[in-house]
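[1] how does the following fold in three dimensions:
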Amino acid sequence: MDNDFFRKVRKRDEQAFIDMMKVYKPAIYYTALTYFKNSDQATEAVQEVTFRAYKNIHKVKKEVAIRAWLTKITINYCLDEIKKRNRFVHSDQPVEFIQTSEDPTTSLFITEAIQTLSPKYQTVVILKYQQDMTLTDIATSLNLPLGTVKTYLNRALKELRGFAEKGGLIPDDY
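    Modelled structure (predicted):
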């Protein structure tokens, strides 16, 4: 995004904002999908995040902060909705997942393994490995110190290793 485009977005130029959201929509959708495990709720989250972003875009000071800012809005929205609905994100419907490898079995294994983590660890793992965010961007998005993000990631990876070593979901079992 160049400086002129960023200025247009900050001044709420509708077309510039729409163009910007086209770029970030897949990341917002996938982040919401990891929380809700339901495409309809993830789509609703994209709509709400788009509204909130349009309403507050003037507050973003630097164009490099937009992705982190949108991620933060998405995570906050998802956590608020989960709290509001006072429920866990368990369902009788099959879990929806995003293809993370050529082998769909491996993708399902990874999705289910990540779901065994606590929400704070899930968020860090998803943002780091499935959305390719830097640790600095994750810290900014979650409003956490960088050291805390590193600790969460380290603990999450240990838990995932332990899960695999204990014979958790082994892809060959599918």
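[2] ok, now how distant is Lys59 from Arg155?
    Going from Lys59 to Arg155 by C-beta to C-beta, to the nearest Å gives 32 Å. Backbone N, C-alpha and C define where each C-beta goes, glycine included.
[3] and the two? Which one has more around it.
    Shown here are Lys59 and Arg155; by other C-beta atoms under 10 Å, Arg155 has more neighbours (15 against 9).
[4] Ala32 against Ile73, yeah?
    No - contact criterion C-beta atoms under 8 Å: Ala32 and Ile73 do not qualify, at 10.6 Å.
[5] when those two are compared, which one has more neighbours?
    Legend: neighbour count by other C-beta under 10 Å for Ala32 and Ile73, higher for Ala32 (25 against 21).
[6] mind listing what the more buried one touches?
    Gln41, Ala42, Ala45, Val46, Val49, Thr74, Tyr77, Cys78 (C-beta atoms under 8 Å, 6 or more residues apart in numbering).
[7] quick one: those as TSV, columns for neighbour count and distance to Pro26 too.
    Below are the contacts of Ala32 laid out as TSV (neighbours: other C-beta atoms under 10 Å; distance: C-beta to C-beta, whole Å):
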residue	neighbour count	distance to Pro26
Gln41	17	16
Ala42	21	11
Ala45	24	13
Val46	22	9
Val49	26	12
Thr74	27	12
Tyr77	20	16
Cys78	24	16
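[8] one step back: intersection of neighbour lists for Ala32 and Ile73?
    Counting by C-beta under 8 Å, 6+ apart, the common neighbours of Ala32 and Ile73 are Val49.
[9] turn the contacts of Ala32 into JSON lines, including pLDDT.
    JSON lines is the format used below for those (pLDDT from 0 to 100):
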{"residue": "Gln41", "pLDDT": "93"}
{"residue": "Ala42", "pLDDT": "92"}
{"residue": "Ala45", "pLDDT": "94"}
{"residue": "Val46", "pLDDT": "95"}
{"residue": "Val49", "pLDDT": "95"}
{"residue": "Thr74", "pLDDT": "92"}
{"residue": "Tyr77", "pLDDT": "91"}
{"residue": "Cys78", "pLDDT": "88"}
